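>>> Mind looking at a prediction? Sequence and model below.
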Amino acid sequence: MSRTTTTHIIKVQGSGTQIEAVGTSTLLPGHLLEFDANGYVQRHSEAGAPAFMFADITKTPDTYEYPSTAKIDIPYKDGETVYAFQPNPGDIVYAKIASGQNVTKGRDMLISDGNGNLTSAGTGNVACGTTNPIATPWENANASGGTAIRCLVRIL
């Protein structure tokens, strides 16, 4: 039996903490985010560094009332309010996997790629302090085609 993924949500399972902040660049739902020095959100910018929040779907006036039909890739523009969330361990998120990655469910450890996406830190034991795993894939995903793709991930 094949499984299809609901394509209009980012926070698939869990509660997490909702965050609203002004964005400083074009952001897509599922991007890994951080606060800049001025308190605005931007794509997470340091590869392998700790990260704690993801961009949620945009709540534009034409889709906010009808979330079941909301498109997942409506971008946030520079200066718009970004709806983000801080997931809890065990939560499942539909995150962005960096282009060139091929990850396996439950085996890879995922870290920030420094551009708002997740990338593999390898499988097995990952040294603490040198890389900061954020999640593990909750499905197999192959982004070797040169474009970042979405993948269900379980937050560590």
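Noted; the coordinates are in hand.
>>> Next, the buried residues of stretch 25-42.
Ser25, Leu27, Leu28, Pro29, Gly30, His31, Leu32, Leu33, Glu34, Tyr40, Val41, Gln42 (16 or more other CB atoms under 10 Å). All C-beta atoms are positioned from the backbone trio N, CA, C, and that covers glycine.
>>> measure it end to end?
Using CA to CA, to the nearest Å, the end-to-end distance of stretch 25-42 comes to 6 Å.
>>> residue boundaries of the strands in the chain?
11-13, 17-22, 32-35, 41-43, 53-55, 81-86, 92-97, 102-103, 108-112, 118-123, 135-137, 141-142, 149-155 (DSSP state E).
>>> of these, which approaches Asp73 most closely?
strand 149-155 (9.1 Å; CB to CB).
>>> Sheet partners, orientation included, of the closest one?
Strand 149-155 sits in its sheet next to strand 92-97 (antiparallel), strand 135-137 (antiparallel), going by DSSP bridges.
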